[in-house]
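*Asks:* Quick one, structure for this:
(one chain, ligands or ions: 1)
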Amino acid sequence: MGLPTIRTLDEILARCEPCPTTGCWLWMMFTGTHSGHGRVSVINKGMYVHRYVWELVHGPILSGLQVQHHCDVPSCCNPAHLYLGTQQQNITDRDRRGRQIAPNCEAHGMAKLTAAQVQKIRASNERDTVLARQFNVAHSTISNIRQGRTWRNLSDRLNTEIERNEAKARQALGDCGYV
Ligand SMILES: [Zn+2]
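*Replies:* The predicted structure is shown next:
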């Protein structure tokens, strides 16, 4: 099977499992890399997911720079957890953070919904009980999401920011011949 073809942040989000404790967007598909970084196909060109997310939000990455993780989770592609730096800076930062063990959301069983599902729940007018049955989760999970007690990382503010930047980033990608 080839790499999944991705064009938008929505398509990336739909393949991620957001961690309610760390805010990480964990890439749920096969990473296929020794380092644990997810990979996708962008117009038949293989790319690391976190690099592609960076380009979608901020524009093309200058050569010599790397997209790094504040959270130290290689499979995370939350734009808010990514920053640009040199390889040396990456090593220095990781040493300073003490190479902590990457948090594993699946282990504590809290992340059962994808970001796309959370967005659907928020947009829906159905009653909690109907949604709970539809997504096979507890009523309290639905009401927590609706009242903003969980999934705060998927705030409307960030989504608006991403939407705004996506158009800009798409144009930048087009200028570089990606799309
Ligand atoms: Zn993260």
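*Asks:* quick one: R39 and Y52 touch, right?
*Replies:* No: using Cβ atoms under 8 Å, R39 makes no contact with Y52, being 9.1 Å away. No exception for glycine: its C-beta is placed from N, CA and C like everyone else's.
*Asks:* who's more crowded, the two?
*Replies:* Neighbours per residue, other Cβ atoms under 10 Å: of R39 and Y52, the larger number sits with Y52, 26 against 20.
*Asks:* so what does the helix or strand encompassing the more buried one touch, helix or strand wise?
*Replies:* For Y52, the element it lies in under DSSP states H and E is helix 49-58. Counting contacts by 3 or more Cβ pairs under 8 Å, 6 or more residues apart in numbering; DSSP states H and E, helix 49-58 packs against helix 9-13, strand 39-42, strand 66-69, strand 82-85, helix 156-175.
*Asks:* let's see 6 Å
*Replies:* strand 39-42, strand 66-69, helix 156-175 (3 or more Cβ pairs under 6 Å, 6 or more residues apart in numbering; DSSP states H and E).
*Asks:* Please name the residues that touch H37.
*Replies:* Contact analysis of H37 by Cβ atoms under 6 Å, 6 or more residues apart in numbering lists Y48, P74.
*Asks:* how about a cut-off of 10 Å?
*Replies:* Contacts for H37 (Cβ atoms under 10 Å, 6 or more residues apart in numbering) come out as W27, T31, Y48, V49, H50, R51, V67, H69, P74, S75, C76, C77.
*Asks:* So which residues on the protein come close to the ion?
*Replies:* Contact residues, the chain versus the ion (Cβ under 5 Å from the ion): C24, C71, V73, C76, N78, H81.
*Asks:* right, and E11 touches W27 too?
*Replies:* No: if you go by Cβ atoms under 10 Å, E11 and W27 don't touch, sitting 11.9 Å apart.
*Asks:* Take the contacts of H37 and lay them out in a markdown table including neighbour count.
*Replies:* Shown next, in a markdown table, are the contacts of H37 (neighbours: other Cβ atoms under 10 Å):
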| residue | neighbour count |
| --- | --- |
| W27 | 26 |
| T31 | 16 |
| Y48 | 20 |
| V49 | 27 |
| H50 | 27 |
| R51 | 19 |
| V67 | 21 |
| H69 | 22 |
| P74 | 20 |
| S75 | 22 |
| C76 | 29 |
| C77 | 30 |
